[in-house]
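>>> attaching a predicted model along with its sequence, questions to come.
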Amino acid sequence: MRTKPKAVVILGPTSSGKSDWSLKLAKKWNGVVISADSRQIYRGLDIATGKTTKTEQQGIPHYMIDIVEPDTDFSVSLYQATVYNLLNSIARSNAKRHKQTIPFIVGGTGLYIRAVVDGYKIPPVSPNPKLRAQLSTWSMAKLKAKLIKLTAQFKRKPKIDLTNNRRIIRAIEVAKAVGELTPEAQAPGFEFLQIGIDLPKTEIDERIERRINAMYEAGLVKETKKLLAAGYDFGRPALSALGYQHIRNYLKGKVTLAKALELMKRDTKRFAKRQLTWFRRDRRIHWVKTLPQADKLIQSFLR
């Protein structure tokens, strides 16, 4: 029986050290990095999204970073299709060589990861600006009630982050358009090892504090000014990345800089908690506390 090509997923909450781990592991295992971050796909969104610089990448190929402009719609289905193309290309190349390239899918966007690992067949529903504008005025409770009503008769209940109003709005949009939200999943043609970085909450919080201070020092305010000057709509998904809204409010005179950074830290900690809640539902994830533990899992997986 022919074995499936293999890929490793490195996941975890924001600031847990995913990028650092992926670089060290990819360097050891002749890997490439495929970002699973729904904001790093956008050009010009560098500091707040925590992109690794070319220097930091140490010559290791990185994909799914800087591929579209901030005013471009980029769906989960498009992410899935693009990553599958990348994985297939790597698998074909590996079949012709003795030395194998290992794909490392790295990030904290749970829906992107699930779409790839579980092979969701996602309905190709185009955005409905009129419906989105209407739903954006609704409360979270009203959005949830609408989604529950629309999906009451579905054979497969949708796996949606119910703490994210943008995800709920998209789910309502798809459900209204096709009458079904999560059709039968396709069996992906790859074998995945999912590794989660398991750090104490106190350490994650400390890392978030340090990371946001570093973002400010690196020029987050200047980057946000540039995006505002370019005329980008801060209501679009790209600019909903944590940080840009907070600094925009500072630049508009709504809060002080100290308050903007304080709120950014608070909201990022809350976001990290939601990420962990999402990931903990998947019992296939191997949670580890150290890099050597992850390396041992990979060694066994690739053997």
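Arrived safely.

>>> residues contacting Phe190?
4-7, 87, 91 (CB atoms under 8 Å, 6 or more residues apart in numbering). To be clear about C-beta, it is placed using only N, CA and C from the backbone, and glycine gets the same treatment.

>>> distance between the longest helix along the chain and the chain's centre?
Secondary structure assigned by DSSP state H gives helix 257-280 as the longest helix of the chain. Computed by CA atoms, centre = their mean, to the nearest Å, the chain-centroid distance of helix 257-280 equals 15 Å.

>>> so what touches the following helix or strand past it?
Downstream of helix 257-280, the first helix or strand assigned by DSSP states H and E is strand 286-288. Residues outside strand 286-288 that contact it (CB under 8 Å, 6+ apart) are 193-198, 294, 297.

>>> in strands only, show me those residues.
Secondary structure from DSSP state E places 193-197 of the contacts of strand 286-288 in strands.

>>> which non-adjacent residue is nearest Gly219?
Ranked by CB to CB, 6 or more residues apart in numbering and with sequence neighbours excluded, the top spatial neighbour of Gly219 is Ile47, at 6.2 Å.

>>> buried subset of the contacts of Phe190?
Among the contacts of Phe190, those scoring as buried are 5-7, 87, 91 (criterion: 16 or more other CB atoms under 10 Å).

>>> want to throw those into TSV with secondary structure?
Formatted as TSV, the buried ones among the contacts of Phe190 follow (DSSP: H, G, I helix; E, B strand; the rest coil):
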residue	secondary structure
Pro5	coil
Lys6	strand
Ala7	strand
Leu87	helix
Ala91	helix
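
>>> nearest to Pro103, of those residues?
Nearest to Pro103 among the buried ones among the contacts of Phe190, counting by CB to CB, is Ala7 at 4.3 Å.

>>> beta partners of Lys6?
Counting by DSSP bridges, Lys6 forms beta bridges with Glu191.

>>> between the contacts of Phe190, which sits nearest Lys259?
Using CB to CB, Ala7 is the member of the contacts of Phe190 that sits closest to Lys259, with 42.4 Å.

>>> contacts only, for the closest residue to that closest one other than its chain neighbours.
Once flanking residues are discounted, Ala7 sits nearest to Pro103: 4.3 Å by CB to CB, 6+ apart. By CB under 8 Å, 6+ apart, Pro103 lies in contact with 7-8, 31-32, 34, 86-87, 90.

>>> same thing but 10 Å
5-9, 26, 31-34, 61, 63, 83, 86-87, 89-91, 94, 190, 192 (CB atoms under 10 Å, 6 or more residues apart in numbering).

>>> nearest to Glu206, of the buried ones among the contacts of Phe190?
Closest approach to Glu206 among these (CB to CB): Ala7, at 31.2 Å.

>>> how far away is the closest one from Ser93?
Separation of Ala7 from Ser93 (CB to CB, to the nearest Å): 14 Å.

>>> rewinding a little: in three-state terms, label the residue nearest to Gly219 for me.
At Ile47 the chain is in coil, as set by three-state DSSP.
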